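Undergrad: Any chance you could fold what I've pasted below:
(one chain, ligands or ions: 2)
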Amino acid sequence: MSKPGVTQIISTRIPTQYGEFRLCYYNNTVDRKEHLAFVTGQVSGAEDVLVRIHSECFTGDVLGSRRCDCGEQLDRSLQLLARQGQGVLVYLRQEGRGIGLLEKLRAYNLQDQGYDTVDANLLLGHGADERDYSLAARILEDLGVQSVRLLTNNPAKIDALRREGIRVSDRQPLEVTANADNHAYLQTKMQRMEHLLQLPPIATITPARPIHELEPTD
Ligand SMILES: Nc1nc2c(ncn2[C@@H]2O[C@H](COP(=O)(O)OP(=O)(O)OP(=O)(O)O)[C@@H](O)[C@H]2O)c(=O)[nH]1
Ligand SMILES: [Zn+2]
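TA: Ligands and ions are numbered 1, 2, ... in the order given. Below you'll find the model as predicted:
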């Protein structure tokens, strides 16, 4: 079987609160999804480029859901890349660890019945994690990145990229804030998915107060 291929269709300037990025839109030979690279600084030919491979999470990235750490990780990554003045965020459309939004929402309902994030996926007939990083690797190659410092807490992601021929020179942790809504989710990632996280005990976390209970500011 031939290697999956990607073609950059367009690159456009996107100023953000952290600095200026270029959004690169890719077509590929595997699926019809809009995989993207968000690039700052000069990365072509560069070694040890700070890279975040982010998997789409509509609920976390767009709605700011506190069930997971995705929104915070996305924000923090952009901040770190901009501060570095050089880096790439590859945005892969692998919603719900590859099972899609509809199935992820079903998995959330199972989690509300007491199943953890892994068992919920299995109960729905999916793998615990169905993601594939071959297109991310091809995008990094297309951008001319020579080696990467990967922003992740997930060692499986490093292994997957290395199997795709990407030189990962280092891992940079992406610290997240534990809250009452994501604590069990983060704990499962540590215990069942080998994520490298440090979690405070649940007893030390104060539950968030609903916004309507907060004091008015004026
Ligand atoms: N199936 C499923 N997917 C989820 C759930 N919560 C978040 N996701 C998806 O998980 C993906 C993010 O992956 P994570 O496992 O949180 O983290 P990671 O990308 O492997 O690791 P990091 O690089 O450390 O962030 C996104 O595609 C989310 O949509 C869940 O409960 N069930
Ligand atoms: Zn998420």
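
Undergrad: helices or strands next to the helix or strand of the chain with the lowest mean pLDDT in the packing?
TA: Lowest mean confidence among the helices and strands of the chain (mean pLDDT, DSSP states H and E): helix 183-192, at a mean of 81. Contact here means 3 or more Cβ pairs under 8 Å, 6 or more residues apart in numbering; DSSP states H and E; on that basis helix 183-192 packs against helix 117-123. Quick note: C-beta positions are derived from backbone N, CA and C, even for glycine.

Undergrad: So the helix it packs on, near ligand 1 or not?
TA: Yes. Using Cβ under 6 Å from any ligand atom, helix 117-123 reaches ligand 1 at T117, N121.

Undergrad: And the next helix or strand past that helix?
TA: Downstream of helix 117-123, the next assigned helix or strand under DSSP states H and E is helix 134-142.

Undergrad: Who does the residue positioned nearest the centre of the chain form a beta bridge with?
TA: With distances taken as Cα atoms, centre = their mean, the chain has H54 as the residue nearest its mean C-alpha position (2.7 Å). Beta-bridge pairing for H54 (DSSP bridges): Y91.

Undergrad: Surely it touches D75?
TA: No. Between H54 and D75 there is no contact under Cβ atoms under 8 Å: 10.6 Å.

Undergrad: Can you show me the CA trace of the least confident helix or strand of the chain as PDB?
TA: What follows is helix 183-192 as a C-alpha-only set of coordinates in PDB (Å, rounded to 0.1, in the frame of the first residue of the first chain):
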ATOM      1  CA  HIS A 183     -10.900  14.700  37.600                       C
ATOM      2  CA  ALA A 184     -12.200  11.200  37.000                       C
ATOM      3  CA  TYR A 185     -11.500  11.600  33.200                       C
ATOM      4  CA  LEU A 186      -7.900  12.600  33.900                       C
ATOM      5  CA  GLN A 187      -7.500   9.800  36.500                       C
ATOM      6  CA  THR A 188      -8.600   7.300  33.900                       C
ATOM      7  CA  LYS A 189      -6.100   8.700  31.400                       C
ATOM      8  CA  MET A 190      -3.300   8.200  34.000                       C
ATOM      9  CA  GLN A 191      -4.400   4.800  35.100                       C
ATOM     10  CA  ARG A 192      -5.600   3.100  31.900                       C
END
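
Undergrad: Is that helix positioned near ligand 2?
TA: No. If you take Cβ under 5 Å from the ion as the test, helix 183-192 misses ligand 2, and the best it gets is 8.7 Å.
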